[in-house]
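*Asks:* Next comes the sequence, and after it the predicted model I'd like to discuss.
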Amino acid sequence: MKKIHILLVIALSSMSIAAVAQGRFGKDSAECVRNLSFYDDYYKQNDYKSAYPYWVQALTLCPPQASQNLYIRGLTIMKYFLENDNEPSSRKTKVDTLMMLYQIRMDNYPVDKVTTLTSMASEMLAYKVHNEEEVHTMLERVVQEGRENTDMNMLALAMQSTVTMYSAGKVSADKVIESFTLLSGYADAAAKKDPSDEAKRRIKQDIEAMFLNCDAASCETLEPLFKARFEQYSDDKEEVASIVRLLSIKECTSGELYMKAAETYYRLDPSPSSAYALAKMFFARNDIDKSIEYFREAINGATDNIEKSTMQTELAMIYYSQKNNTAQAVTFAKQAVSANSQNGKAYLLLGTIWAAQKCGSNEIERASVFWVAVDFFNRARQADPESAADANKYIAAYSQNFPMQGDAFMYDLTDGNAYTVNCNGLSERTTVRTRK
């Protein structure tokens, strides 16, 4: 059977380029018709194993115009054998045969090329017998043929393949940027055709995320890329918002492009999102008071609690690190965890603030701030897996500052006792913990 499959590939390769001038059924018309009939009888009984040798003969003897069903039904027959084959090399031969059947049908019959190429790419991805270069080439064929009509999932898969090839050192950073420009353009066009299609919008964002998470995307590459886009769509609210968001994700907020885009976005749509963009712009330009002003505007208007929590955390950090205003930092950090109880960064900030406090007239009062700090670090690691590593590091470090058990005993304190810490205008309830 394996030999027959190999011969089939050779026969198909020859057929795809052979010139046929002997009529519909070719020079061996009697044998062509006989094998067509025999394989057809078995096929209709779903006996693909018995149909197979006659189908091979029909493919070998009959010219492409003899029967389109040879290629349509051939896909079903080959998939039947693939389902029962776990040997990599023979599976590869069978999938290559599928590809050739699609190609010959596409070359000889008026079929939708975009749909056919999409099916070919889907088969390659499903059977997983081709290397990344082969898959990438096929996905590029799909996009080249489909352009703005390419299936959105194929656009995303093409971007993913390009990033994978880049990570393996098989394409350049310029190729990644070129692919993103092309694919995101087609995705934008598809999403704009149907603005209510949430799935298309998500796929567009997935393409952006894959590009942004690739180190080929830096501020140096993004700014010239988005500059042309901004100049073309400077009156399009959605496009400008997208540019601002993408630059913000990569923290490219100090350049002239971000400044222009953020100000334009606010002019076109004075919303919490555009106010947030201005807040980040003014922070990057070290205009802290203006940044705070727009942060507050964005927070006051925000309706999404996750987004509000993120902005509150950033504002808390600004108050703490830039304005040395601990009270405001704590206020906004607490508002952040109130808006989103899984905001690990806000808990980490609260822990860091408490660990830095200096007050108290004895060793217990001086050490008590570390109980509160560790409480917040514990909440960070419980709330947010991404914060767990930092939280564990801080817990290990600051636990070393807990009072000794004997010192606590002198103040009539034992492990587990409730304790209120008052320090520099801050107050928290905690529990006593000691070192042996």
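*Replies:* Structure's in. What do you need? Predicted, not measured: the structure shown is a model, and the values here were computed from it.
*Asks:* now L70, what's its secondary structure?
*Replies:* For L70, the assignment made with DSSP: H, G, I helix; E, B strand; the rest coil gives helix.
*Asks:* The residue nearest to Y276 when sequence neighbours are not counted: neighbour count?
*Replies:* Using Cβ to Cβ, 6 or more residues apart in numbering and skipping the chain neighbours, the partner closest in space to Y276 is A298 (4.0 Å). All C-beta atoms are positioned from the backbone trio N, CA, C, and that covers glycine. A298: 25 surrounding residues under other Cβ atoms under 10 Å.
*Asks:* Could you do P272 as well?
*Replies:* Using other Cβ under 10 Å, P272 has 20 neighbouring residues.
*Asks:* you'd agree C32 is up against Q65?
*Replies:* No. With contact defined as Cβ atoms under 8 Å, C32 does not reach Q65; the gap is 11.1 Å.
*Asks:* quick one: which of the two has more around it?
*Replies:* More neighbours surround C32 than the other of C32 and Q65, with 24 against 13 (other Cβ under 10 Å).
*Asks:* Next, work out how far apart the residue lying closest to the more buried one once chain neighbours are set aside and L36 are.
*Replies:* The shortest distance from C32 to any non-neighbouring residue, by Cβ to Cβ, 6+ apart, is to C62 (4.0 Å). Distance, C62 to L36, using Cβ to Cβ, to the nearest Å: 7 Å.
*Asks:* Can you pull the poorly scored residue ranges out of the stretch 251-400 of the chain?
*Replies:* Along the stretch 251-400 of the chain, no part satisfies pLDDT under 70.
*Asks:* Need phi/psi at T420.
*Replies:* The phi and psi values for T420, taken as degrees, to the nearest 10, are phi -110, psi 130.
*Asks:* the residue most distant from the middle of this structure, which is it?
*Replies:* What lies farthest from the middle of the chain is M410; by Cα atoms, centre = their mean that is 57.0 Å.
*Asks:* Number of residues surrounding I288?
*Replies:* Around I288 there are 15 other residues, counting by other Cβ under 10 Å.
*Asks:* contacting residues for it?
*Replies:* By Cβ atoms under 8 Å, 6 or more residues apart in numbering, the contact set of I288 is 282, 318, 322-323.
*Asks:* could I get these as JSON lines with distance to T150?
*Replies:* As requested, these are exported to JSON lines (distance: Cβ to Cβ, whole Å):
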{"residue": "F282", "distance to T150": "40"}
{"residue": "I318", "distance to T150": "43"}
{"residue": "Q322", "distance to T150": "47"}
{"residue": "K323", "distance to T150": "50"}
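*Asks:* Pull out the buried members of those residues.
*Replies:* Buried members of the contacts of I288, counted by 16 or more other Cβ atoms under 10 Å: 282, 318.
*Asks:* Could you tell me which of the contacts of I288 belong to helices?
*Replies:* 282, 318 (DSSP state H).
*Asks:* D390 against A380, yeah?
*Replies:* Yes. D390 lies in contact with A380 (Cβ under 8 Å); the separation is 7.5 Å.
*Asks:* More neighbours: those two, which one.
*Replies:* Each of D390 and A380 has its neighbours counted (other Cβ under 10 Å); A380 has more, 28 against 18.
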